[in-house]
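# Coordinates only, no sequence provided:
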């Protein structure tokens with residue numbers, strides 16, 4: 001709270017008059033309180049997520065990367081493993097090793113990455129049913145592919 005104690009102009013000696021200056025003290029108080037709140041709340045907002053990042057060193061030139069196995073889900077509910085092998089949810093666990101063997105993978109099928117892609121119109125329930133079948137059969141390295149919708 002500010003007051004004008006000395007007077008200019010013609011008035012009485014103790015005439016306070018009106019103060020036309022902005023009082024910024026409450027504004028500074030509020031800003032300091034907000035600063036303290038954000039400083040305390042910022043460390044609580046960080047969440048750690050485990051990421052499976054590739055190594056920082058490049059692969060040797062003579063090593064060819066393995067071709068991944070793709071599982072495609074269409075809006076009609078049709079599921080494709082690899083290029084053109086149509087399957088169902090019941091047959092999916094048996095068709096994945098067959099598709100991996102076609103790509104040259106002969107062992108440790110559960111350790112290989114599988115990419116799942118779905119049409120934009122696929123229902124969430126259909127998509128999650130495929131993921132649940134994969135995880136219940138030990139396939140935990142699953143990559144999701146997003147295709148741009150034009």
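Good, I have the coordinates. If you're wondering where the values come from, they're calculated on a predicted model, not measured in any experiment.
# how close does the residue positioned nearest the centre of the chain get to residue 142?
Most central in the chain under CA atoms, centre = their mean is residue 49, positioned 9.7 Å from the mean C-alpha point. Here the criterion is CB to CB, to the nearest Å. By it, residue 49 lies 16 Å from residue 142. To be clear about C-beta, it is placed using only N, CA and C from the backbone, and glycine gets the same treatment.
# ok, now residue 75?
The span separating residue 75 from residue 142 equals 20 Å under the rule CB to CB.
# again with residue 70
Residue 70 is 11 Å from residue 142, where distance means CB to CB.
# what's the overlap in contacts for the two?
Taking CB atoms under 8 Å, 6 or more residues apart in numbering as the contact rule, the neighbours common to residue 70 and residue 142 are 114-116.
# With neighbour count added, can I get the residues you listed in JSON lines?
Rendered in JSON lines, the data for the shared contacts of residue 70 and residue 142 read as follows (neighbours: other CB atoms under 10 Å):
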{"residue": "114", "neighbour count": "20"}
{"residue": "115", "neighbour count": "14"}
{"residue": "116", "neighbour count": "19"}
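# Alright, I will stop here.
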